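> Need a 3D model of the sequence below.
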Amino acid sequence: MSDKKNYGFTTTILHNDRRKAIEQGSLHKPVHTSVAFGYGDARQLASVFQGKEPGFRYGRQGNPTVAALEDKITKMEDGVASLCFGTGMAAIGALFQALLKEGDHIVSSSFLFGNTNSLWQTVAGQGVAVDFVDATDVAKVEAVLKENTRLVFVETIANPRTQVADLARIGELCRARGILYVVDNTMTTPYLFRPKAVGAGLVVNSLTKSIAGHGIALGGALTDTGLFDWSAYPNIAANFRKQPGSAQGMAQLRAKALRDFGAALGPEAAHHIAVGAETLALRMERTCANALALARMLDADERVSAVHYPGLASHPQHGITRELFRAGGSLLSFELREDIDPFDYLNRLQLGIPASNLGDTRTLVIPVAHTIFFEMGAERRASMGIAESLIRVSVGIEDPDDLLEDFRSALDGAQG
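Now for the predicted structure:
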């Protein structure tokens, strides 16, 4: 496969392993389970440890199977380098572990995945100030910036209420101020959107979700887009300043978040994710089409009081969605009329499965306030626009007619 020709998204991912030699001509990078890597020359081992030449030191810091996946993710995001972690939350936690210090300040969207919100609350208790703002409005981000603001963190499409951040204008603001812009691309995936296009310096992906796609492996990734000037970032340790400026951030992340903190991805999971990623575009085309059809059906039903999906023209950020994304994504949420019990409704579904994952090939449903956002309390949920009756739907690849009939029939049976 030529390294010079520009192939399409799926072709690139499908054949990426073959850009480099693979043992025995295998079409997939084999699963390398060894945690140690031997060298015939002790000087070469020392050279690898000192970063003078490429190579593997120890399984916690890298592995041939994981490295092949990292290269695949880098191609997906049009970046310069990626690091893979044991989970998506480990990838986000790496930001705190490797890039922040006591006395720093970060700005985060207030519309967040529940565990990310919990993590930032923990960070706030450990000496890093956190401001949560409505990231659909760049002015609200700008209003809380400080001299010690180290990064701005947003999700593309918020889980579960589907707010879309003011991505491009926040990127312009961060570029003008020299602030690291971190975008969680999990809900859109690199197929629907590349955050590099709006100036993101680092991109987060939970590989567990749509990139792997089958609900059988945990993983996360950080991708350096090459747009951020790490030589100007104040928290890079002196020993990593010896690296070229463009490599300093990832070098410190690999050392502090993988080597020191141990948030490594295992080779078996990396293999599952790499194979799943090959069909990402195909699955996203189907799940996004299904999600739009389901959102339209629910929106037209008087027994549904609200539907939240960026692909609907009524969505507050529909314009941004059409401008930046290929489609509105595979996630939607909705609220039932007050006289319909959401639990009774969910129990009547035959295809929608009550479960907490996202991005599966199967449609998954969950009562948000009573499960994944229960811990934060009613007041915080209300501030995020999460109704007590909110149902989140991660739409799968089922036949569209079957899926719509399932949700319609459950309404017929559950109405008060």
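
> Return the distance of the residue nearest to residue 205 when sequence neighbours are not counted relative to residue 147.
The spatially closest residue to residue 205, leaving aside those adjacent along the chain, is residue 221, at 4.8 Å (CB to CB, 6 or more residues apart in numbering). The C-beta positions use only the backbone N, C-alpha and C, and glycine is treated the same way. Going from residue 221 to residue 147 by CB to CB, to the nearest Å gives 31 Å.

> Check residue 198 too.
For residue 198 relative to residue 147 (CB to CB), the value is 24 Å.

> Who has more neighbours out of these two?
Taking other CB atoms under 10 Å, residue 198 and residue 147 do not tie; residue 198 has more neighbours (23 against 6).

> quick one: that one and residue 324 touch, right?
Yes - with contact defined as CB atoms under 8 Å, residue 198 and residue 324 form a contacting pair (7.3 Å).

> so what sits against both of those two?
167, 168 (CB atoms under 8 Å, 6 or more residues apart in numbering).

> wait, what's in contact with the residue nearest to residue 387 when sequence neighbours are not counted?
Once flanking residues are discounted, residue 387 sits nearest to residue 335: 5.0 Å by CB to CB, 6+ apart. Going by CB under 8 Å, 6+ apart, residue 335 touches 304, 305, 306, 387, 389, 390, 391.

> Tell me where the model's unsure across the protein.
Where the chain drops to pLDDT under 70, the residues are 1-4, 415-416.

> can we see that at 80?
Applying pLDDT under 80 to the chain flags the ranges 1-5, 18-19, 21, 23-25, 51, 114, 372-378, 380-385, 414-416.

> quick one: the helices in the stretch 301-416 of the chain?
Along the stretch 301-416 of the chain, counting by DSSP state H, counting those that start in this stretch, helices occupy 318-324, 342-348, 377-383, 400-414.

> Any buried residues in the last one, and which?
Within helix 400-414, the residues scored as buried using 16 or more other CB atoms under 10 Å are 403, 404, 406, 407, 410, 411, 414.

> same deal with the second one?
By 16+ other CB under 10 Å, the buried positions in helix 342-348 come out as 342, 345, 346, 348.

> ok, these vs residue 379, which is closest?
residue 342 (20.5 Å; CB to CB).

> separation between the closest one and residue 360?
For residue 342, the distance to residue 360 equals 21 Å [CB to CB].

> Next: residue 135.
27 Å.

> Residue 94: what's it in contact with?
Contact analysis of residue 94 by CB under 8 Å, 6+ apart lists 83, 85, 222, 253, 256, 257, 258, 261, 263.

> whoops, I mixed them up, residue 211
73, 76, 189, 190, 205, 273, 276, 277, 280, 359.

> Okay, and the fifth one sits in which element?
Take DSSP states H and E as the rule and residue 205 turns out to sit in strand 202-206.

> helices or strands up against that strand?
With contacts taken as 3 or more CB pairs under 8 Å, 6 or more residues apart in numbering; DSSP states H and E, strand 202-206 sits against helix 64-77, helix 88-99, strand 180-184, helix 189-192, strand 220-224.

> for the ones you listed, which one ends up most surrounded?
strand 220-224 (a mean of 28; mean count of other CB atoms under 10 Å).

> which secondary structure elements does it contact?
In this structure, strand 220-224 packs against helix 64-77, strand 81-85, helix 88-99, strand 202-206, helix 248-253, with contacts taken as 3+ CB pairs under 8 Å, 6+ apart.

> and the longest one, C-alpha only, in PDB?
Spelled out, it's helix 64-77. The C-alpha trace of helix 64-77 is given here as PDB (Å, rounded to 0.1, in the frame of the first residue of the first chain):
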ATOM      1  CA  PRO A  64       3.500  -3.500  19.100                       C
ATOM      2  CA  THR A  65      -0.200  -4.300  19.000                       C
ATOM      3  CA  VAL A  66      -1.100  -1.100  20.900                       C
ATOM      4  CA  ALA A  67       1.300   0.900  18.700                       C
ATOM      5  CA  ALA A  68      -0.400  -0.300  15.600                       C
ATOM      6  CA  LEU A  69      -3.700   0.900  17.000                       C
ATOM      7  CA  GLU A  70      -2.200   4.200  18.000                       C
ATOM      8  CA  ASP A  71      -1.100   4.700  14.500                       C
ATOM      9  CA  LYS A  72      -4.600   3.900  13.200                       C
ATOM     10  CA  ILE A  73      -6.200   6.400  15.600                       C
ATOM     11  CA  THR A  74      -3.600   9.100  14.500                       C
ATOM     12  CA  LYS A  75      -4.600   8.500  10.900                       C
ATOM     13  CA  MET A  76      -8.300   8.700  11.800                       C
ATOM     14  CA  GLU A  77      -7.800  12.100  13.500                       C
END
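
> What helices and strands are in contact with it?
Using 3+ CB pairs under 8 Å, 6+ apart, helix 64-77 is in contact with helix 9-15, strand 81-85, helix 189-192, strand 202-206, strand 220-224, helix 267-277.

> Give me the next element, helix or strand, following the last one.
Looking back up the chat, that one is helix 267-277. Assignment by DSSP H and E places the next element after helix 267-277 at helix 280-299.

> what's the answer for the first one, then?
Counting by DSSP H and E, the next helix or strand C-terminal to helix 9-15 is helix 42-49.

> buried residues in that next one?
Neighbour-count burial for helix 42-49, counted by 16+ other CB under 10 Å, picks out residue 48.

> gap between it and the chain center?
Here the centre of helix 42-49 is set off from its chain's centre by 35 Å, with CA atoms, centre = their mean, to the nearest Å.

> Repeat that for stretch 119-138.
For stretch 119-138, the distance to the chain centre is 18 Å (CA atoms, centre = their mean).

> Surely residue 270 touches residue 83?
No - judged on CB under 8 Å, residue 270 makes no contact with residue 83 at a distance of 12.0 Å.

> give the contact list for the closest residue to residue 352 other than its chain neighbours.
In space, and not counting its chain neighbours, residue 352 is closest to residue 365: 4.3 Å by CB to CB, 6+ apart. Residue 365 makes contacts with 346, 349, 352, 353, 354, 355, 391, 392, 393, 394, as judged by CB under 8 Å, 6+ apart.

> go on, residue 153?
95, 106, 107, 108, 109, 120, 182, 183, 184.
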